[in-house]
Structure formats: C-alpha cells, structure tokens
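Trainee: Fold the following for me, if possible:
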Amino acid sequence: MSIREIGYGDVTINKKMKDYVNLFHLIISKLENWDSINLNDKNKQINTLLNISNNVDLSVYFDKYSIELKKNTLNYYIKSVIKPKK
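Mentor: Numbering: from 1, shown residues only. Predicted structure coming up:
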C-alpha cells in the first residue's frame, strides 16, 4: 500500500519522504563497515534496524548478497532495464 492510498496529502507525503531518506542514510551509516564487523554484531545491527525482536540470522544472507553484488558491475543488473544506445 502506498502512502497516497493511505490518504496522506502532498505536505505529509513530502514529510514522510524526508523521514524515509533520513532512515535510509541511517541504515547506510550503520552498515558502512559491514565487511569488518563480526557476525554477532551484524545480527544485532540488522535486528535493531529492522525492529526484529527475535534473533533472526539475516547476516549470512546479506553477506552472500554482498559478495554477489561485488562480482558483477552495475550494468549487469540494469542491462535489461536500460537499453544501450547503438
């Protein structure tokens, strides 16, 4: 459900978007040194950021995802979205 469908007006949507951008930057700053953090601390950070009360082990998933992203260039992921000019 989008924030428009909830019934928010233009002013509220702008405020919510600002909140979402600030939250995104907070997440990026917390995970900036992901490769140098131990597994237990990774789990704590993810559970805190996602507001998960039980100990879900998502850090292994994100580690594998990070490795996969590092293997390929950005073009690999967007080549079907953006067609190259000929």
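
Trainee: got the buried residues for the biggest helix by length in the chain?
Mentor: In the chain, with assignment by DSSP state H, the single longest helix is helix 10-30. Residues of helix 10-30 include none that count as buried (16 or more other C-beta atoms under 10 Å). Bear in mind the C-beta positions are built from the backbone N, C-alpha and C, glycine included.

Trainee: Stretch 39-54 too?
Mentor: 42-43, 45-47.

Trainee: which residues touch that stretch?
Mentor: Residues outside stretch 39-54 that contact it (C-beta atoms under 8 Å, 6 or more residues apart in numbering): 26-27, 30-31, 34, 37, 55-60, 62-63.

Trainee: between the residues you listed, which is closest to Ser2?
Mentor: Ile27 (20.8 Å; C-beta to C-beta).

Trainee: How about that closest one: what's its closest non-neighbour residue?
Mentor: Leu49 (5.6 Å; C-beta to C-beta, 6 or more residues apart in numbering).

Trainee: what's the pLDDT at that neighbour?
Mentor: As predicted, Leu49 sits at a pLDDT of 81.

Trainee: any idea how far it lies from Ile78?
Mentor: From Leu49 across to Ile78, the span is 26 Å (C-beta to C-beta, to the nearest Å).

Trainee: do Asp19 as well
Mentor: Distance from Asp19 to Ile78, by C-beta to C-beta: 28 Å.

Trainee: Phi first, then psi, for Lys64.
Mentor: phi -60, psi -40 (degrees, to the nearest 10).

Trainee: residues near the closest residue to Lys16 other than its chain neighbours, how many?
Mentor: Closest residue to Lys16 in three dimensions, ignoring its sequence neighbours and counting by C-beta to C-beta, 6+ apart: Ile3, at 5.5 Å. For Ile3, the count of nearby residues is 13 (other C-beta atoms under 10 Å).
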